[in-house]
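Asker: pasted the sequence and its predicted model underneath.
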Amino acid sequence: MPYQHIKVPSVGEKITVNADNTLNVPDQPIIPFIEGDGIGVDISPVMIKVVDAAVKKAYNGSKQISWMEVYTGEKAAELYDGDWFPAETLEVLKDYSVGIKGPLTTPVGGGFRSLNVALRQELDLYTCLRPVRWFEGVPSPVKEPEKTNMVIFRENSEDIYCGIEWRAGTDEATKVIKFLQEEMGVTKIRFDTDCGIGIKPVSKEGTQRLVRKALQYTIDQDLPSLTLVHKGNIMKFTEGSFKDWGYELAQAEFGAELLDGGPWMSFKNPNTGKQIVVKDVIADAMLQQVLLRPDEYSVIATLNLNGDYLSDALAAQVGGIGIAPGANLSDKVAIFEATHGTAPKYAGQDKVNPGSLILSAEMMLRHLGWNEAADLIIDGMNNAIQAKTVTYDFDRLMEDATLLSCSEFGEAIIKGM
Ligand SMILES: NC(=O)C1=CN([C@@H]2O[C@H](COP(=O)(O)OP(=O)(O)OC[C@H]3O[C@@H](n4cnc5c(N)ncnc54)[C@H](OP(=O)(O)O)[C@@H]3O)[C@@H](O)[C@H]2O)C=CC1
Ligand SMILES: O=C(O)CCC(=O)C(=O)O
Ligand SMILES: [Mg+2]
């Protein structure tokens, strides 16, 4: 079926997904990409160039990506007559199973809701996977950045983050407040006029599908622990239940048993026989723990908003948001994206670090099973950083570095492969 603005490449095939969620990846897969707002215009073309070079070098022409641009955000609004979130983009991302996106702008305090969040919700991309590790040579604010090696599984479909809220003074907010006071016996709303209201849904099913994925990852990657991060002492029936349902799942589906009387648990990795510890930490304490005792944490499963905060904080700890990658995953669809946003003050200046999006593409290549190309990207990134040929964000914290533009850093990665 022809699309309104999306042009399907004349060469290449769709990736398909089997009933057991494994992928059939043709040698020339068509991969949809969203350029992104703000610095998307700088980093997306560099990401494509680096990925193409890695694939060419790894497979000498026997494999190749057919890129297909799809539109969301500012570019979509221009093309589709004010439609920021065209239905055909959603349809294509679902149909082609694997895609990658640049950052998209969300106005603060009003205007439209986050397109990034909408994409995750519409495609039920319930896991936001954000690995955080240090690259040798990257300037970091901590003394031993090599001790930080964590993988965040952030719940992506629930929580206060999903946007069920009403502005202060509206009929809706007044109605919800009245309902809470008159029908639910709530007496604790300190100022009940001009009061905005938000709702925080957290379910057993939503929690357990996320924790299941995180525990499976811990097993597959042979990692030592999974930490449930929550603020369950205060938000007992949302964040507290997240913790309880997480432990419950570890026990019921992975055979975990109480460790020293609990609440921590442990079980043996069925592949390696090594012990996996399942533990929990309260979210505020976790922010100091990751700074002071990072080597005690490995895989983290947490709620949507905690995961948002924790992923930017951990990214800074290993040298910054400019190299923090991520993926949004359902069981069938995977959309890769950087952790950072659109950094509007740098848009169009060919200045920022494209590393986040490039490393997100590196995760995408591994998802396809193209590990040789992914390894080349890591080599290229390592070599560019160790040669101290870096973008402004690293340059300002390094001595004797050579300052490169965004596109020059891409070239340096290619040269370093
Ligand atoms: N998934 C998504 O698409 C996301 C979208 N957003 C959206 O992005 C917009 C801007 O958000 P904002 O809060 O400013 O956060 P940003 O992540 O866009 O930028 C914050 C700061 O992070 C640094 N930074 C970001 N990207 C890079 C990069 N590639 N290279 C080097 N440094 C970088 C810059 O720091 P410095 O100033 O020190 O140089 C920048 O000023 C908002 O509309 C927000 O909603 C935000 C997060 C995720
Ligand atoms: O959607 C947005 O604008 C922000 C999202 C965000 O910060 C994130 O997903 O990390
Ligand atoms: Mg964020």
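Answerer: Sure thing, it's come through. Residues are numbered from 1 along each chain as shown. Ligands and ions are numbered 1, 2, ... in the order given.

Asker: quick one: the helices in the stretch 101-250 of the chain, in order.
Answerer: For the stretch 101-250 of the chain, the helices defined by DSSP state H, counting those that start in this stretch occupy 115-122, 171-183, 204-220, 241-254.

Asker: export the ones you listed as CSV, with columns for distance to residue 405.
Answerer: C-beta coordinates here come from the backbone N, C-alpha and C atoms, glycine included. Shown next, in CSV, are the helices of the stretch 101-250 of the chain (distance: least, CB to CB, whole Å):
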stretch, distance to residue 405
helix 115-122, 26
helix 171-183, 47
helix 204-220, 36
helix 241-254, 43
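
Asker: next up, the contacts around the residue in the chain that ligand 1 sits nearest to.
Answerer: Nearest to ligand 1 in the chain, going by CB to the nearest ligand atom, is residue 341, at a distance of 2.3 Å. For residue 341, the contacting residues are 38, 103, 105, by CB atoms under 8 Å, 6 or more residues apart in numbering.

Asker: all helices for the stretch 251-400 of the chain, in order.
Answerer: According to DSSP H, counting those that start in this stretch, the helices that the stretch 251-400 of the chain contains are 283-292, 304-317, 355-368, 371-386, 392-395.

Asker: tell me the first helix or strand C-terminal of the shortest one.
Answerer: Past helix 392-395, further along toward the C-terminus, the next helix or strand under DSSP states H and E is strand 402-403.

Asker: before we move on, back to that, out of the helices of the stretch 251-400 of the chain, deepest packed?
Answerer: Mean neighbour count, computed with mean count of other CB atoms under 10 Å, is highest for helix 355-368 among these, reaching a mean of 25.

Asker: what's the spacing between that one and its chain's center?
Answerer: Centroid separation between helix 355-368 and its chain, computed with CA atoms, centre = their mean, to the nearest Å, is 11 Å.

Asker: follow-up on the earlier one: okay, the helices of the stretch 251-400 of the chain in a markdown table with mean pLDDT and distance to residue 114 next?
Answerer: Shown next, in a markdown table, are those (pLDDT from 0 to 100; distance: least, CB to CB, whole Å):
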| stretch | mean pLDDT | distance to residue 114 |
| --- | --- | --- |
| helix 283-292 | 96 | 21 |
| helix 304-317 | 96 | 11 |
| helix 355-368 | 98 | 18 |
| helix 371-386 | 97 | 28 |
| helix 392-395 | 95 | 24 |
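
Asker: and these as a markdown table, adding distance to residue 241?
Answerer: Formatted as a markdown table, the helices of the stretch 251-400 of the chain follow (distance: least, CB to CB, whole Å):
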| stretch | distance to residue 241 |
| --- | --- |
| helix 283-292 | 15 |
| helix 304-317 | 14 |
| helix 355-368 | 30 |
| helix 371-386 | 37 |
| helix 392-395 | 39 |
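
Asker: mind exporting the worst-scoring helix or strand of the chain on mean pLDDT as PDB, just the C-alpha atoms?
Answerer: Ranked by mean pLDDT, DSSP states H and E, the weakest helix or strand in the chain is helix 115-122, scoring a mean of 92. Extracted as PDB, the C-alpha positions of helix 115-122 are listed here (Å, rounded to 0.1, in the frame of the first residue of the first chain):
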ATOM      1  CA  LEU A 115       5.700  12.200  21.200                       C
ATOM      2  CA  ASN A 116       8.400   9.900  22.600                       C
ATOM      3  CA  VAL A 117       6.100   8.700  25.400                       C
ATOM      4  CA  ALA A 118       3.200   8.400  22.900                       C
ATOM      5  CA  LEU A 119       5.400   6.200  20.600                       C
ATOM      6  CA  ARG A 120       6.300   3.900  23.500                       C
ATOM      7  CA  GLN A 121       2.600   3.700  24.600                       C
ATOM      8  CA  GLU A 122       1.100   3.200  21.100                       C
END
